[in-house]
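Chemist: After the sequence you'll find the predicted model.
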Amino acid sequence: MKDTLYIPGKETPNMPDYDSLCDKFKWENEFKNLERLPGGGLNIAHEAVDRHANSHLANTVALRWIRKDRSLIDFTYSDLKIQTSQFANVLEKLAIKKNDSVFSLVGRIPYLYVAALGTLKTGAVFCPMFSVFGPEPAFQRLSKGKAKVLITTTKLYQKKIKQLMPRLPLLRHILLTDAKQHIDEKVLSLSMLMDEAPDEYLISNTQPEDPALLHFTSGTTGMPKGALHVHQAVLTHYVTGKYVLDLQPGDIFWCTADPGWVTGTSYGIIAPLVNGVTNIVDEEEFDAERWYSILEEHRVNVWYTAPTAIRRLMRLDFKPLEKYDLSNLRLIHSVGEPLHAEEVIWGKKTFGMPICDNWWQTETGGIMISNYSSMEVRPGSMGKPLPGIEAAIGNIVEDKVQLLTKPMEQGHLLLKKGWPSMFRAYLDEEERYKKCFKGEWYVTGDLAKKDEDGYFWFVGRADDIIKTSGHMVGPFEVESTLMEHPAVSEAAIIGKPDPLIGELVKAFVVLKPGHERSEKTKLDIKGFSRKKLGPAVAPKEITFTDSLPKTKSGKILRRLLKARELGLPEGDKSTLE
Ligand code: AMP
């Protein structure tokens, strides 16, 4: 399918021609479009909020919040400047210093956005967590990230956090978004603190390499890793907002991702604001009719969503254009999992435009490979590298990269290191961080191919990490929790392909002697893990087994379990015990 989205005479995209922009692209030139701080520093919140609040955009709606009941609250850039300054003053009053970490565990409510940007103003580091996390994943992140402050609701505090407090001695304050009064010295009412806080704040003179954001991502061999990003990342957010999402003055943009996932922070908060457009935030979860009516009612121009949601819409066999006026929609992008050719083509049939797939990950901080509005969209391909980004395919031989240059050869997807939003560390895990780099290349952990025209095609993960409804799930984390159940002796987790959610989390469990292989035991283990891990992470399927296949060194061979489950060839078994 040869298809470009550029319709002459309608809007000219910010990148009318991919090749010519690649030829002349320089990060330093784009950097000049940011304002920087008066003292010469760089701060994400200044670029996203204050510089617009001090300009002709002061009264433009920065954030439109849609409540569950569909009522609205608009925050102009000027409102957002005031509220984020108040939040920064709240943190200062609580003696939060540069590089301290501030966490959130809330749904998509305005305080989340205010807290994220307000924290950045102070030079502290912000870490958003999914509100659906159970106590264990929350504990892992709060303790590893040395959280000093947590923003949450009374209900989530009571249900998940209170029980963890004795294990979190560094956590000094809990700020409750819905409490009218302070509870005690530690657990405070955020609205009371905000009411007392001055609305002027002098942004900390952060430097481009100062830490700003922390995002946890799952690994195969340990607990989640904290990928640390710096203020310089804002340059990638700006550039990708401009050239990939094609954000233009006056645009209404909607990213459906939750900020608990890196997409919901980089593109649900920063990129649209840095580009000075209106950012839609919907408090509610997926609902097809609601989503279509939001696109219509709010005249969304650019929509950024995920394959799981697209597949849910596809299943409905419903033609939205017969019921909704979506004539303002100019561009649809998708990220997070493979977007299959049929889904791209469905977009073309349903909305009159193909859905543009793009690829990136927590560690890259922003979009790295994409289909662009001015380029031929190849259904099933992730597209081409962002101008300024060098991507390649290679093998790792004796710890060195050997580039593969023939078209469609399969290998590791590699990125030339040094782009602005590259993660700068895995928190307190220097070795793990170093291992991701081979010479000048960052090894992404994904396998891919590149065709003769330079389009990249996703093949799969090079490790055992599971992608379920767009969430990364590390098997180790789930296995460790399952093994806390009194009946479980050993457990192994795999991702089982699922047509809707990509992969579902499946557990193989070896029971301790004396425990019965019954439905009741299964239900009990499922309930236990849902309570501890939350529904997004807990296994949906459990199979009892006598033993788990392991390597001679004792590592679980999840790959083998998966091959057996799917009836595929078992591959190399030389390391099997
Ligand atoms: P996360 O760090 O949670 O954003 O997950 C990143 C991982 O999601 C990548 O390393 C890929 O395995 C997968 N992923 C993201 N975008 C795509 C895409 N467009 N196609 C295929 N897989 C993707």
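Modeler: In hand now; what should we look at?

Chemist: residue contacts, residue 396?
Modeler: Listed by CB atoms under 8 Å, 6 or more residues apart in numbering, the contact set of residue 396 reads 402, 412, 438, 443. For the C-beta atoms, the positions are set from N, CA and C on the backbone; glycine is no exception.

Chemist: Count the neighbours of the first one for me.
Modeler: What that stands for is residue 402. By the criterion of other CB atoms under 10 Å, residue 402 has 13 neighbours.

Chemist: Considering the contacts of residue 396, which possesses the most neighbours?
Modeler: residue 412 (22 neighbours).

Chemist: what's the next secondary structure element after the strand or helix carrying that one?
Modeler: In the assignment (DSSP states H and E), residue 412 maps to strand 411-416. Next along the chain after strand 411-416, taking DSSP H and E as the criterion, comes strand 425-426.

Chemist: hang on, residue 480 is in a helix, isn't it?
Modeler: Yes: per DSSP: H, G, I helix; E, B strand; the rest coil, residue 480 lies within a helix segment.

Chemist: quick revisit: in the strand holding residue 412, what counts as buried?
Modeler: For strand 411-416, a neighbour-count test (16 or more other CB atoms under 10 Å) marks 411-415 as buried.

Chemist: ok, now stretch 196-211?
Modeler: 197, 201, 203-204, 206-208, 210-211.

Chemist: Between which two of those is the distance greatest?
Modeler: Farthest pair in the buried residues of stretch 196-211 (CB to CB) is 197 and 208. Separation: 27.9 Å.

Chemist: can you pull the contacts of residue 427?
Modeler: If you count contacts by CB under 8 Å, 6+ apart, residue 427 has them with 144-145, 214, 225-228.

Chemist: residues in contact with residue 292?
Modeler: By CB under 8 Å, 6+ apart, the neighbours of residue 292 are 320, 323-324, 326.

Chemist: Next step: the contacts of residue 427 restricted to helices.
Modeler: residue 144 (DSSP state H).

Chemist: so residue 248 sits right up against residue 241, yeah?
Modeler: No: under the criterion of CB atoms under 8 Å, residue 248 is not in contact with residue 241, lying 10.2 Å apart.

Chemist: For the residue of the stretch 101-250 of the chain found nearest the ligand, name its beta-bridge partners.
Modeler: Nearest residue of the stretch 101-250 of the chain to the ligand, counting by CB to the nearest ligand atom: residue 217, 4.8 Å away. Applying DSSP bridges to residue 217 gives these bridge partners: residue 225.

Chemist: same question, residue 393
Modeler: residue 413.

Chemist: Could I get the pLDDT score of it?
Modeler: Residue 393 is assigned 97 on the pLDDT scale.

Chemist: Report the contact partners of it.
Modeler: Residue 393 touches 403-404, 409-414, 448-450, 456, counting by CB under 8 Å, 6+ apart.

Chemist: 6 Å instead?
Modeler: 404, 411, 450 (CB atoms under 6 Å, 6 or more residues apart in numbering).

Chemist: do you know how far the second one is from the ligand?
Modeler: Spelled out, that is residue 411. 15 Å (CB to the nearest ligand atom, to the nearest Å).

Chemist: List the residues that contact that residue.
Modeler: Contacts of residue 411 by CB under 6 Å, 6+ apart are 393-395, 404.

Chemist: All the helices of the stretch 51-200 of the chain, residue numbers only.
Modeler: In the stretch 51-200 of the chain, the segments counted as helices under DSSP state H, counting those that start in this stretch are 51-53, 77-93, 110-122, 135-144, 154-156, 190-196.

Chemist: Would you mind checking the average pLDDT for the fifth one?
Modeler: In other words, helix 154-156. Rounded mean pLDDT across helix 154-156 is 98.

Chemist: Pull out the buried positions in that helix.
Modeler: 154, 156.

Chemist: what's the weakest-modelled helix or strand in this protein?
Modeler: Ranked by mean pLDDT, DSSP states H and E, the weakest helix or strand in the chain is strand 471-473, scoring a mean of 84.

Chemist: And the residue lying farthest from the centre of the chain, how close does it get to residue 524?
Modeler: Distance from the C-alpha centroid of the chain peaks at residue 514, with 42.6 Å (CA atoms, centre = their mean). Using CB to CB, to the nearest Å, residue 514 is found at 14 Å from residue 524.

Chemist: How about residue 487?
Modeler: 7 Å.

Chemist: The two: which has the busier surroundings?
Modeler: residue 487 (18 against 15).

Chemist: Sketch out the low-pLDDT regions of the protein for me.
Modeler: 1-11, 220-222, 552-554, 572-575, 577 (pLDDT under 70).

Chemist: In this structure residue 201 contacts residue 88, no?
Modeler: Yes: using CB atoms under 6 Å, residue 201 is in contact with residue 88, at 4.4 Å.

Chemist: Now do the shared contacts for these two.
Modeler: What both residue 201 and residue 88 touch, as defined by CB under 6 Å, 6+ apart, is the set residue 121.

Chemist: Show the contacting residues for residue 448.
Modeler: 413, 456, 458-459.

Chemist: same check, this time on residue 505
Modeler: 466, 468, 473, 539-540 are the contacts of residue 505 under CB under 6 Å, 6+ apart.

Chemist: How about it: what's its closest non-neighbour residue?
Modeler: The shortest distance from residue 505 to any non-neighbouring residue, by CB to CB, 6 or more residues apart in numbering, is to residue 539 (4.6 Å).

Chemist: roughly how far apart are the one you found and residue 550?
Modeler: 20 Å.

Chemist: between the two, which one's more packed in?
Modeler: residue 539 (27 against 16).

Chemist: Check the gap between that one and residue 466 for me.
Modeler: 10 Å.

Chemist: try residue 381
Modeler: As judged by CB to CB, residue 381 and residue 466 stand 23 Å apart.

Chemist: Just the buried residues of the contacts of residue 292.
Modeler: Buried, going by 16+ other CB under 10 Å: 320, 324, 326, out of these.

Chemist: Was I right to think the second one contacts residue 298?
Modeler: No: judged on CB under 6 Å, residue 324 makes no contact with residue 298 at a distance of 11.7 Å.

Chemist: quick revisit: what is the burial count for the residue of the stretch 101-250 of the chain closest to the ligand?
Modeler: Around residue 217 there are 19 residues (other CB under 10 Å).

Chemist: Residue 368 too?
Modeler: 30.

Chemist: Pull up the gap between the closest residue to it other than its chain neighbours and the ligand, please.
Modeler: Nearest residue to residue 368, sequence neighbours excluded (CB to CB, 6+ apart): residue 360, at 4.7 Å. According to CB to the nearest ligand atom, residue 360 stands 6 Å off from the ligand.

Chemist: What of residue 465?
Modeler: 7 Å.

Chemist: cool, and residue 23?
Modeler: Residue 23 is 25 Å from the ligand, by CB to the nearest ligand atom.

Chemist: Also residue 571?
Modeler: Taking CB to the nearest ligand atom, one finds residue 571 at 20 Å from the ligand.

Chemist: any idea whether residue 47 is helix, strand or coil?
Modeler: Per three-state DSSP, residue 47 ends up helix.
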